[in-house]
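*Asks:* heads up, no residue letters with this:
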Ligand SMILES: Nc1ncnc2c1ncn2[C@@H]1O[C@H](COP(=O)(O)OP(=O)(O)OP(=O)(O)O)[C@@H](O)[C@H]1O
């Protein structure tokens, strides 16, 4: 079975600025892939290239095995999208929106939509332009989750939400994947969210994928070691994922703690530390 989403060697430049360099990764069914990178790393540009909102310079994007999803209206409905600045009709209330989406989507699930609206504590009689930023975000996610999508593409969907709303939303995303066998690609700067729900993590820096790995594998096999130059020479180069100089020491992310030479202790790691080390690593 093809992956829900396959991105292969996608390239994009704006003028002379190369923004995406051979970006390659997949979203398998049943997975939640966290797309992580600093501001300006290329996450939104990748999302736009996936959705055909910008023309890519090269590479392929396959959604549900199809390269030109635009030609398949039925399949397009199976994608739920949440972008930072969503344009939901400003002068409609949630109740009115429900009616619009009922007509727009063949598989609109009103009961599910209202369940989410209540779970997210959203007011049904307030116009969209009177909702707070966090409320609008939750509404966008409720919409994306209510038309029987198989693939969700969420750009910063939990940013700006209070901790309890984030928890609620993450639970709904997990619920979506386990009940629909769908998949989610989400970008996030909140590493605690990534630790909680991601099955895979893809790190991007300056338009280049630095690491594409199953999350559990990172916690089981990866480690960060603080070592001096002499110890660095003892490390098997194949296990060095990223390296950063810190005074006379090196912080090194390695992919196999079993392969560490004796006497070099491995620290337990958090996704936050992995992310910082990867994004600040030297070439
Ligand atoms: N239309 C455009 N024209 C020129 N440069 C652009 C355009 N869109 C994006 N860029 C540049 O591409 C790079 C990647 O931007 P992108 O929005 O993809 O980053 P991001 O990873 O989503 O960042 P953030 O975490 O801040 O949302 C940035 O350097 C940005 O300035």
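*Replies:* Nice, I can see it. These figures come from a predicted structure and were not determined experimentally.

*Asks:* Run a quick neighbour tally on the closest residue to residue 30 other than its chain neighbours.
*Replies:* Using CB to CB, 6 or more residues apart in numbering and skipping the chain neighbours, the partner closest in space to residue 30 is residue 181 (5.5 Å). C-beta here means a position set from N, CA and C on the backbone, and glycine is covered the same way. Other residues within reach of residue 181, judged by other CB atoms under 10 Å, total 11.

*Asks:* now residue 161
*Replies:* Residue 161 is flanked by 22 other residues according to other CB under 10 Å.

*Asks:* And it, how close does it get to residue 121?
*Replies:* Noted for residue 161: a distance of 12 Å to residue 121, by CB to CB, to the nearest Å.

*Asks:* Repeat that for residue 3.
*Replies:* For residue 3, the distance to residue 121 - CB to CB - is 35 Å.

*Asks:* higher neighbour count, the two?
*Replies:* Higher neighbour count among residue 3 and residue 121: residue 3, with 18 against 11, using other CB under 10 Å.

*Asks:* And that one, what's its pLDDT?
*Replies:* Turning to residue 3, the model gives it a pLDDT of 92.

*Asks:* Now for it: which residues touch it?
*Replies:* Residues in contact with residue 3, defined by CB atoms under 8 Å, 6 or more residues apart in numbering, are 26-29, 62, 183.

*Asks:* Helix, strand, or coil at it?
*Replies:* coil (DSSP: H, G, I helix; E, B strand; the rest coil).

*Asks:* now swap in residue 87 and tell me
*Replies:* Quick answer, by three-state DSSP: residue 87 is coil.

*Asks:* Count the neighbours of residue 148 for me.
*Replies:* Neighbours around residue 148, by other CB under 10 Å: 16.

*Asks:* Give me the residues contacting the lowest-mean-pLDDT helix or strand in the chain.
*Replies:* Across the helices and strands of the chain, mean pLDDT, DSSP states H and E gives its lowest value to helix 73-76, namely a mean of 79. With contact meaning CB under 8 Å, 6+ apart, helix 73-76 is reached by 63-64, 66, 69-70, 106.

*Asks:* Could you look up the SS state of residue 45?
*Replies:* From three-state DSSP, the assignment for residue 45 is helix.

*Asks:* so which strand or helix has the residue lying closest to it once chain neighbours are set aside?
*Replies:* With sequence-adjacent residues excluded and distances taken as CB to CB, 6+ apart, residue 45 is closest to residue 19, at 5.1 Å. Per DSSP states H and E, residue 19 falls inside strand 17-27.

*Asks:* Get me the contact residues on this protein for the ligand.
*Replies:* 14, 19, 37, 39-45 (CB under 6 Å from any ligand atom).

*Asks:* Widest-spaced pair of those?
*Replies:* Greatest spatial distance among the residues of the chain next to the ligand (CB to CB): 14 and 37, at 16.8 Å.

*Asks:* Mind checking which of these two has more residues around it?
*Replies:* The neighbour comparison of residue 14 against residue 37 (other CB under 10 Å) goes to residue 37, with 23 against 10.

*Asks:* Can you show me the strands along this structure?
*Replies:* In the chain, the segments counted as strands under DSSP state E are 5-14, 17-27, 32-36, 58-63, 79-82, 151-155, 183-187, 200-205, 208-214, 223-227, 240-246, 249-254.

*Asks:* Indicate which one of these is closest to residue 131.
*Replies:* Nearest to residue 131, of the strands of the chain and by CB to CB, is strand 79-82 at 14.4 Å.

*Asks:* which other helices and strands contact the closest one?
*Replies:* The helices and strands touching strand 79-82, judged by 3 or more CB pairs under 8 Å, 6 or more residues apart in numbering; DSSP states H and E, are helix 133-144, strand 151-155.

*Asks:* one step back: can you tell me which of the contacts of helix 73-76 are buried?
*Replies:* Neighbour counting by 16 or more other CB atoms under 10 Å classes 63-64, 69 among the contacts of helix 73-76 as buried.

*Asks:* Compile these into a markdown table and extend it with columns for distance to residue 222 and pLDDT.
*Replies:* Listed next are those as a markdown table, based on distance: CB to CB, whole Å; pLDDT from 0 to 100:
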| residue | distance to residue 222 | pLDDT |
| --- | --- | --- |
| 63 | 30 | 94 |
| 64 | 32 | 93 |
| 69 | 35 | 77 |
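
*Asks:* Now render those residues as CSV, adding distance to residue 259.
*Replies:* Below are the buried ones among the contacts of helix 73-76 laid out as CSV (distance: CB to CB, whole Å):
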residue, distance to residue 259
63, 38
64, 39
69, 42
